Every structure is written in C-alpha cells, then in structure tokens.
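Novice: The amino acid sequence is not available; the structure is as follows:
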C-alpha cells in the first residue's frame, strides 16, 4: 500500500483529488486535534441525518480508516485509533442496531414497524 507524506498538506492522494478541503482538515488531525476531532465527531454522529457533500466534497466516515492507512503520521497508532472510533460512530455494528430495536419489540408486543424490524 502506498503511503503519502502528511507534510505538506498537498500529497496528491485519491482523497485529496476528490475532496481537497476536507483532506486538509483530516490531515490537520495531529496539528490541531481538538478542532479536527470536534468536527469529525459532529460529522460521524450526524452522517445519516445531514446531506454532507452537497456544497463541498467530503471524505465519508467509511473511508477514514483507509485515509489513516494511506498517510504518514507522527503518531500513526493514535490517529488510526481515533479514526476507527469515529467511523464506528457513523456506522455502528449491526448487533448494536439490533439491540436498540429489541426493547421496542418487547414493549410494543411485537408491533414494530417493518422498517425497524429489518434493521
């Protein structure tokens, strides 16, 4: 796998070519961790609710792990762990989604809308 240097912000990777502004914000994760983390937490938590990418292309949370792997970092393990955790916020595991539906099924005596029952 090819790794791109985090210095400078313009590395020419596929992520930068697709979403240059968002690429710069992700690369800034080590330099400005609080700013970058707050933005990424907000994006991950609202990914299914807000139409991201309408005004400016973004790198979706399911690509953040590949992004971390494709770039050189001063503390790669820490950045990778942060992006894995953030991506899991946007795309929780199927078992967690099912666990959230199960109490609804019990309290409503099985009267759960078909859309929720198939999650």
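Specialist: Good, I have the coordinates. What you see is a predicted model, and the numbers here were worked out from it, not measured in a lab.
Novice: Tell me, how many residues neighbour residue 26?
Specialist: Applying other C-beta atoms under 10 Å, we find 24 residues neighbouring residue 26. (Each C-beta comes from the backbone N, C-alpha and C, glycine too.)
Novice: just to confirm, which helix or strand has it in it?
Specialist: Using DSSP states H and E, the element containing residue 26 is helix 20-27.
Novice: Tell me how far residue 65 lies from residue 54.
Specialist: 24 Å (C-beta to C-beta, to the nearest Å).
Novice: neighbour count winner among those two?
Specialist: residue 65 (15 against 8).
Novice: Would you confirm that the more buried one contacts residue 82?
Specialist: No - the pair residue 65 / residue 82 is not scored as a contact, 10.6 Å apart, by C-beta atoms under 8 Å.
Novice: Dihedrals phi and psi, residue 12?
Specialist: phi 90, psi 10 (degrees, to the nearest 10).
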